[in-house]
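Peer 1: Predicted model follows, preceded by the sequence.
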Amino acid sequence: MIPGIIELRYHEHHGSISFGEFDEFLVFPLVAIVWMWRSRKPLAPLQKAGLWALAAIIAGGLGNELSVFVRGYAVDFLRIPGTQLIANFADIAQYGGWLLFFGVVGLQALRQRQMKTF
């Protein structure tokens, strides 16, 4: 696909694989989204980014679960040469969502710390 960076490789993961080995992490994004929706307050840009992050986490996990439900396995096909890392788009959405989520949390904490120092 991109020589030396990403290659295509077919790999099957059998069994339940949503959220890697962390199925319990589905609960937190769902609760957070329901809480934001129920508050019905206008969201700040950082909150919107957090909501998109949570949506990506859930979508990635559900995408893998749907694949496992339909086929009995999920297909990974994106591999980084020289490593054992192999993923699919659902994995990328999920892990990208977690990175964005923790980035948002970090920025919010930084903003709160800066507000206390002024």
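Peer 2: Thanks, I have the structure now.

Peer 1: following the least confident helix or strand in the chain by mean pLDDT, which helix or strand comes up?
Peer 2: Ranking every helix and strand in the chain by mean pLDDT, DSSP states H and E puts helix 27-39 at the bottom, with a mean of 68. Counting by DSSP states H and E, the element after helix 27-39 in chain order, helix or strand, is helix 45-71.

Peer 1: Between helix 45-71 and the helix or strand following that next one, find me the angle.
Peer 2: With elements assigned by DSSP H and E, the helix or strand that comes after helix 45-71 is strand 73-79. Strand 73-79 runs at 120 degrees relative to helix 45-71, counting by axes from the mean of the first three to the mean of the last three Cα atoms, to 10 degrees.

Peer 1: Taking the centroid of this protein, which residue is nearest it?
Peer 2: By Cα atoms, centre = their mean, the chain has its centre lying nearest to Q94, at 2.1 Å.

Peer 1: That one and E65 touch, don't they?
Peer 2: No. Between Q94 and E65 no contact is recorded; they are 11.0 Å apart, counting by Cβ atoms under 8 Å. (Glycine included, C-beta is placed from N, CA and C.)

Peer 1: quick one: the lengthiest helix in the chain to chain centroid distance?
Peer 2: In the chain, ranked by residue count with DSSP state H as the criterion, the top helix is helix 89-117. Relative to the centre of its chain, helix 89-117 is centred 12 Å away, using Cα atoms, centre = their mean, to the nearest Å.

Peer 1: tilt between it and strand 73-79?
Peer 2: Counting by the same axes, to 10 degrees, helix 89-117 lies at 70 degrees to strand 73-79.

Peer 1: Identify each buried residue in helix 89-117, please.
Peer 2: 90-91, 93-95, 97-98, 100-101, 104 (16 or more other Cβ atoms under 10 Å).

Peer 1: of all those residues, which comes closest to I57?
Peer 2: G97 (3.8 Å; Cβ to Cβ).

Peer 1: With the flanking residues excluded, which residue is spatially nearest to that closest one?
Peer 2: A56 (3.1 Å; Cβ to Cβ, 6 or more residues apart in numbering).
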